[in-house]
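Peer 1: Fold the stuff below for me.
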Amino acid sequence: MSIKLYPKKITGNVHIIGSKSESHRALIASSLSEGKSTIEGLYSSKDISATRNALKKLGISIIGDSIIGDTFYYNKSYIDCDESGSTLRFLIPLSIHFFGEVFFTGKKRLFERPLDQYEELFNFEFIDKSKTKLKITGNLKSKKFVLDSSKSSQFISGLLFVLPLLEGTSEIEFKSEIKSKSYINMTIEVLNKHNISIDYKENRLIIPGRQVYENFNHIIEGDFSQAAYFFVAGTIGSSISISNLNINSKQGDKKILEILKEMGGNVIYKKKKFFINPSKTRGIKIDLSDIPDLGPPLIILASLSEGTTSFYSVNRLKYKESDRLNAMLKILDKLKVKYKLYNNSLSIKGREWFEGNEVFCTQGDHRIAMSLAIASIRCKKPIIIDDEGVVRKSFPNFFEIFKGLGGKYEKIREL
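Peer 2: Here you go, the predicted structure:
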């Protein structure tokens with residue numbers, strides 16, 4: 001459904017949803033554990049539902065927040081990953097280890113995203129013309145794996161789930177600079193909770209074999225990736241407070257706090273809440289190599305900041321649910337923001353306001369839709385986005401919260 005967003009500041013408190021990244025990992029680790037684990041704070045987005053349903057297809061019992069692990073079986077039917085790259089990349093090595101042959105399906109864009117690291121390890125065969133049904137065969141043995149992590153850390157995390165179950169010790173060596181290192185750290189942290197030991201050295205991981213997952217009762221902390229939109233909204237509009245975030249979190253996107261501080265933002269933490277006040281921000285240099293999901297909301301903030309903001313490692317945005325780099329450049333064009341794209345960098349010259357009065361395409365991407373909603377706060381005229389429903393992928397009630405904070409929009413006929 002298309003919606004028309006009216007220029008209006010939002011204010012109030014947001015109880016942020018549980019971390020999508022931690023939820024994927026907790027579900028899979030609990031499924032590999034003997035006995036019953038529980039997950040408190042698991043949020044039911046499309047991506048998390050994809051992982052839950054995929055694990056059920058692989059024989060795991062999941063009822064509410066309870067997971068009965070170590071009960072894998074598979075009837076050779078398709079495992080639907082929908083649009084979730086995490087679900088697909090995390091479950092490929094695990095499924096191959098247990099079954100040797102597995103069938104996946106999902107949305108077309110999912111299989112257009114990089115899978116090259118696994119293609120070198122396993123046999124991939126698309127078995128329909130639309131390339132949405134995939135057969136994978138192979139086997140895993142403990143050895144030294146040399147991986148290129150320049151496009152995604154999810155290949156590494158996918159292997160980390162299963163390598164502790166193999167007979168011997170395995171090693172993962174990085175042949176390029178590690179991207180999204182914080183997500184690897186999150187995987188290791190979740191595995192440690194299940195009594196899995198991994199030795200992380202400078203450019204390699206040592207994973208002893210014949211380990212046993214133990215059950216664990218998880219409490220999922222709030223998601224800094226999703227909170228970022230409200231951090232930006234409070235900075236460019238009216239005061240907002242955010243609860244359910246762990247100030248000691250190891251989430252990579254907690255970096256939003258450092259970035260806002262450097263840009264001149266006003267963020268205060270007290271009584272277990274973050275308070276964000278309107279600020280006149282200034283351009284800085286921002287490296288997106290470890291925080292690609294912060295790219296879209298930070299590009300909106302940069303467009304409303306004094307001077308020039310320079311983003312580095314922007315090619316990381318190309319390999320997401322959409323080509324987010326191209327999508328955001330189209331948005332900047334319509335918002336009449338001046339920018340320069342060169343090699344792997346993007347510089348943006350800020351302005352005071354956006355004119356608005358434009359129709360925007362979300363490219364089917366939840367983070368593009370949420371970024372446009374935040375941009376509407378500083379538009380002089382309303383804007384239209386073509387599909388508000390894409391937020392169901394990660395943050396289904398985003399627009400309900402947006403409206404509850406004073407945001408104004410109306411649903412309109414399909415464009």
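
Peer 1: got the CA positions of the host helix or strand of residue 269 in PDB?
Peer 2: Under the criterion of DSSP states H and E, residue 269 resides in strand 266-270. The C-alpha coordinates for strand 266-270 follow below in PDB (Å, rounded to 0.1, in the frame of the first residue of the first chain):
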ATOM      1  CA  ASN A 266      22.700  15.700  21.700                       C
ATOM      2  CA  VAL A 267      22.200  12.200  23.200                       C
ATOM      3  CA  ILE A 268      21.900  11.600  26.900                       C
ATOM      4  CA  TYR A 269      21.600   8.300  28.700                       C
ATOM      5  CA  LYS A 270      19.900   8.100  32.100                       C
END
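
Peer 1: Tell me where the model's unsure across the protein.
Peer 2: The model of the chain has pLDDT under 70 over residues 414-415.

Peer 1: Could you give the separation of the longest helix anywhere in it from the chain centroid?
Peer 2: Across the chain, the longest stretch assigned as helix under DSSP state H is helix 85-99. Its chain's C-alpha centre and that of helix 85-99 lie 18 Å apart, by Cα atoms, centre = their mean, to the nearest Å.

Peer 1: before we move on, the earlier item: residues in contact with the strand holding residue 269: which ones?
Peer 2: The contact list for strand 266-270, computed with Cβ atoms under 8 Å, 6 or more residues apart in numbering, reads 231, 235, 247, 257, 260, 261, 274, 275, 276, 277, 278, 279. Where C-beta positions appear, they are placed from N, C-alpha and C, glycine not excepted.

Peer 1: For the third one, give me its contacts.
Peer 2: When contacts are counted by Cβ under 8 Å, 6+ apart, residue 247 is found next to residue 269.

Peer 1: Can you pull the domain assignment for this protein?
Peer 2: The record's domain split for the chain, according to automatic domain parsing, is 2-17+221-412, 20-219.

Peer 1: buried residues in the helix or strand just after the strand holding residue 269?
Peer 2: Downstream of strand 266-270, the first helix or strand assigned by DSSP H and E is strand 273-277. Going by neighbour count (16 or more other Cβ atoms under 10 Å), the buried part of strand 273-277 is 273, 274, 275, 276.

Peer 1: before we move on, back to that, following the longest helix of the chain in sequence, what is the next regular element?
Peer 2: The first helix or strand that comes after helix 85-99 along the chain, using DSSP H and E, is strand 101-105.

Peer 1: Can you tell me how far residue 142 is from residue 93?
Peer 2: Distance from residue 142 to residue 93, counting by Cβ to Cβ, to the nearest Å: 12 Å.

Peer 1: the more surrounded of these two?
Peer 2: Taking other Cβ atoms under 10 Å, residue 142 and residue 93 do not tie; residue 93 has more neighbours (23 against 18).

Peer 1: Now do the same contact list for that one.
Peer 2: By Cβ under 8 Å, 6+ apart, the residues touching residue 93 are 118, 121, 140, 158, 159, 161, 162.

Peer 1: Now the two most distant members of the residues you listed.
Peer 2: 121 and 161 (14.3 Å; Cβ to Cβ).

Peer 1: returning to what we had before: can the buried residues of strand 273-277 go into a markdown table with extra columns for distance to residue 239?
Peer 2: Putting these into a markdown table (distance: Cβ to Cβ, whole Å) gives the following:
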| residue | distance to residue 239 |
| --- | --- |
| 273 | 12 |
| 274 | 11 |
| 275 | 7 |
| 276 | 7 |
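
Peer 1: Out of the residues you listed, which is nearest to residue 290?
Peer 2: For those, the nearest to residue 290 is residue 274 (20.9 Å; Cβ to Cβ).

Peer 1: which one is that closest one nearest to, not counting chain neighbours?
Peer 2: Excluding the flanking residues, the one nearest residue 274 by Cβ to Cβ, 6 or more residues apart in numbering is residue 242, at 4.5 Å.

Peer 1: Which elements pack onto whichever strand or helix holds the one you found?
Peer 2: Per DSSP H and E: residue 242 is located in strand 240-243. Judged by 3 or more Cβ pairs under 8 Å, 6 or more residues apart in numbering; DSSP states H and E, strand 240-243 is in contact with strand 12-15, helix 224-236, strand 273-277.
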